[in-house]
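**Student:** Structure for this input, please:
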Amino acid sequence: MGSAVRVLAEATPATRDRYVDLLRVGSLAVVVLGHWMMAAVTPDGVGNLLAVVPALQPLTWLLQVMPVFFFVGGFSHALSYRSLLRKRPEGSAASASADSATSADSVYAAFLRARLQRLLRPTMVFVLVWGVVALLVQLLGGGGGLTGVTLRLVTQPLWFIGIYLAMVAFTPPLLRLHERYGWGAFAGLAGAAAAVDVLRFAAGVPYVEFLNFAFAWLAVHQLGFLRADGRLGAGSASGAGLAPSARLRSLRSLRVPALLAGGGLIGAVVLVAAGPYPLSMVGMPGEKVSNMAPPTLALLAHGLWLVGAVELLRAPAARLLARPRAWRTVVAANGVAMTAFLWHLTAMLGVYGALLALDVPLPEPATAAWWAQTPLRLAAAAALTAALVAAFRTFEHPAPPSATTPAPGSGPLAALGATLCLLGVLGLSMVGLGGLLEGRTALLIAIPVSAPAAVAMALGGWLLVERAGRGAR
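**Tutor:** Residues are numbered from 1 along each chain as shown. Now for the predicted structure:
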């Protein structure tokens with residue numbers, strides 16, 4: 001354990017919610033492991049283990065944990081934005097109204113820059129490195145077989161970055177909505193997600209389903225706001241050794257998480273059993289309906305059950321994280337989590353490429369030989385991911401705090417930058433990096449987008465966010 005990690009861990013304020021850090025790292029780790037396990041690679045291409053063995057699909061009800069990451073994001077975004085609001089300079093009473101609008105505008109720009117730094121810096125490095133590799137491969141006449149599959153697949157997880165960008169950008173207005181309506185704001189978003197599915201499946205309205213990329217995920221994000229205000233209960237004390245009155249309060253604090261977990265799980269089961277929703281909570285090749293792309297009401301119910309479940313585990317986890325060694329591990333993992341997420345598919349496909357290059361036979365997926373080889377493949381992918389993290393982790397460290405104050409009017413510029421970043425990252429996740437020289441495109445909101453155009457939007461948007469967030473001295 002490095003000395004820097006030890007210093008950070010020992011400097012942790014007593015008020016910090018360490019469980020949130022554990023959930024952030026744990027959810028990304030589960031996603032990485034799930035991707036490694038689901039990949040069914042053969043010399044002919046990459047398939048999905050869940051399609052080969054449909055009996056494994058119920059495992060996605062435990063392993064599809066992206067809702068937990070977005071829930072944690074809502075909690076962190078609420079605290080961060082409110083902290084910036086408290087720190088803004090106070091103007092004179094005579095100019096309070098104008099100063100308030102200007103200050104809020106500047107706070108928004110500073111908030112976007114601060115929240116997006118650790119997200120976009122490693123992402124842009126990943127995109128540029130892979131862009132150069134893809135261009136060189138295609139100039140040299142490559143791009144077929146597993147190489148072509150790799151150029152298409154390595155950017156797919158960027159959809160998550162795009163959704164998270166949208167959550168950051170929408171935090172201020174949705175936080176105001178939460179502060180006014182509380183649970184009503186969450187209910188409104190969840191109701192909108194349900195209405196979208198009714199229009200989609202009952203009325204057959206085309207394209208309406210894409211609205212649930214916003215409604216479903218933002219509803220989960222809104223639960224993070226409720227947690228930030230202590231409205232999900234789940235007190236940190238356990239019932240053991242407490243007085244009867246304290247034990248009763250502790251049990252009552254578990255009521256809301258238990259309702260979320262139970263209601264969400266029952267709702268998801270009913271929707272899948274009686275509705276048009278598939279069993280798998282991740283996308284499956286060739287399926288007509290996916291719970292993920294776009295999100296469905298069933299996936300939102302699944303998110304509720306996961307949020308309730310992790311909140312029920314808060315007390316024992318808090319006791320574990322009070323131990324110095326456990327907390328240092330979480331601190332170390334948090335410092336490289338995004339870098340590991342970005343490069344984990346590169347590592348996995350690199351392992352398979354090395355096996356093919358060395359003429360190591362690849363067993364048929366889900367056979368006894370395939371399962372026997374799995375631990376070795378996972379260990380090799382983890383080792384290669386660790387090497388890539390060591391090479392690129394420095395880009396995940398946030399830049400030094402800006403000594404400048406965002407200028408008046410910087411909010412719209414920052415919002416424009418975030419929008420361009422979102423569109424660029426989503427576009428790149430869809431089109432991939434194959435076919436650069438052929439001008440391959442993919443449809444993004446009915447507009448054809450090529451990989452170079454997507455990269456340009458993402459880079460340009462990032463520079464706008466940086467410029468607006470720094471402002472003038």
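
**Student:** Number of residues surrounding Val205?
**Tutor:** By other Cβ atoms under 10 Å, 12 other residues sit near Val205. For glycine as for every other residue, the C-beta is placed from the backbone atoms N, C-alpha and C.

**Student:** SS state for it?
**Tutor:** With DSSP: H, G, I helix; E, B strand; the rest coil as the basis, Val205 sits in coil.

**Student:** Quickly note the distance from the nearest residue to it once chain neighbours are set aside to Glu209.
**Tutor:** Once flanking residues are discounted, Val205 sits nearest to Leu199: 4.3 Å by Cβ to Cβ, 6 or more residues apart in numbering. The spacing between Leu199 and Glu209, counted by Cβ to Cβ, to the nearest Å, is 8 Å.

**Student:** The residue nearest to Val205: how many residues sit nearby?
**Tutor:** Leu199: 15 surrounding residues under other Cβ under 10 Å.

**Student:** Quick check: it vs Phe215, distance?
**Tutor:** Distance of Leu199 to Phe215, given as Cβ to Cβ: 12 Å.

**Student:** same question, Val196
**Tutor:** 6 Å.

**Student:** where in this structure is pLDDT low?
**Tutor:** Of all residues in the chain, those with pLDDT under 70 make up the ranges 1-2, 88-102, 234-252, 398-405, 407-408, 471-473.

**Student:** Please, where are all the strands along it?
**Tutor:** Counting by DSSP state E, residue ranges of the strands within the chain are 39-42, 45-48, 441-444, 447-450.

**Student:** and the residue nearest the centre of the chain, what does it touch?
**Tutor:** Geometric centre of the chain, nearest residue: Phe160, 4.8 Å, by Cα atoms, centre = their mean. Residues in contact with Phe160 (Cβ atoms under 8 Å, 6 or more residues apart in numbering) are 66, 69, 341.

**Student:** 7 Å - rerun?
**Tutor:** Contact analysis of Phe160 by Cβ atoms under 7 Å, 6 or more residues apart in numbering lists Met66.

**Student:** And it, how far from Leu422?
**Tutor:** In terms of Cβ to Cβ, Phe160 sits 12 Å off from Leu422.

**Student:** go on, His344?
**Tutor:** Applying Cβ to Cβ, the value for His344 to Leu422 is 22 Å.

**Student:** okay, the two: which has more neighbours?
**Tutor:** His344 (25 against 21).

**Student:** thought the more buried one was touching Val32?
**Tutor:** Yes: His344 lies in contact with Val32 (Cβ atoms under 7 Å); the separation is 4.5 Å.

**Student:** circling back: any figure for the gap between the residue nearest to the centre of the chain and Val168?
**Tutor:** Phe160 sits 13 Å away from Val168, going by Cβ to Cβ.

**Student:** quick one: the helices in the stretch 351-473 of the chain?
**Tutor:** Using DSSP state H, counting those that start in this stretch, the helices of the stretch 351-473 of the chain run over residues 368-392, 410-431, 451-470.

**Student:** quick one: which of those is nearest Pro13?
**Tutor:** Proximity to Pro13 (Cβ to Cβ) singles out helix 451-470 among those, at 24.6 Å.

**Student:** What are the buried residues along the closest one?
**Tutor:** Burial within helix 451-470, assessed by neighbour count using 16 or more other Cβ atoms under 10 Å, is assigned to 451, 453-455, 457-459, 461-462, 464-470.

**Student:** which residues are contacting it?
**Tutor:** Under Cβ under 7 Å, 6+ apart, the answer for helix 451-470 is 109-110, 112-113, 116, 120, 124, 127, 131, 402, 404, 406, 410, 413-414, 416-421, 423-425, 427-428, 431-433, 436.

**Student:** repeat that for 6 Å
**Tutor:** Under the criterion Cβ atoms under 6 Å, 6 or more residues apart in numbering, residues 109-110, 112-113, 116, 120, 124, 127, 402, 404, 406, 410, 413-414, 416-418, 420-421, 423-425, 427-428, 431, 433, 436 lie in contact with helix 451-470.

**Student:** Tell me the buried residues within these.
**Tutor:** Using 16+ other Cβ under 10 Å, the buried ones in those are 109-110, 112-113, 116, 120, 124, 127, 406, 410, 413-414, 417-418, 420-421, 423-425, 427-428, 431, 433, 436.

**Student:** Report the backbone C-alpha coordinates of stretch 271-291 in CSV.
**Tutor:** Extracted in CSV, the C-alpha atoms of stretch 271-291 (Å, rounded to 0.1, in the frame of the first residue of the first chain):
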residue,chain,number,x,y,z
LEU,A,271,-43.2,-7.0,-15.0
VAL,A,272,-41.0,-9.7,-16.4
ALA,A,273,-43.5,-12.5,-15.7
ALA,A,274,-46.6,-10.7,-17.1
GLY,A,275,-45.2,-8.0,-19.3
PRO,A,276,-43.2,-7.7,-22.5
TYR,A,277,-39.9,-7.5,-20.7
PRO,A,278,-37.0,-10.1,-21.0
LEU,A,279,-35.5,-11.9,-18.1
SER,A,280,-32.0,-10.6,-18.5
MET,A,281,-31.2,-7.2,-17.1
VAL,A,282,-28.4,-6.7,-19.6
GLY,A,283,-28.8,-6.5,-23.4
MET,A,284,-28.8,-9.8,-25.3
PRO,A,285,-27.8,-10.2,-28.9
GLY,A,286,-30.7,-10.4,-31.3
GLU,A,287,-33.4,-9.7,-28.8
LYS,A,288,-36.4,-7.5,-29.9
VAL,A,289,-36.7,-5.9,-26.5
SER,A,290,-33.8,-5.0,-24.2
ASN,A,291,-34.1,-3.9,-20.6
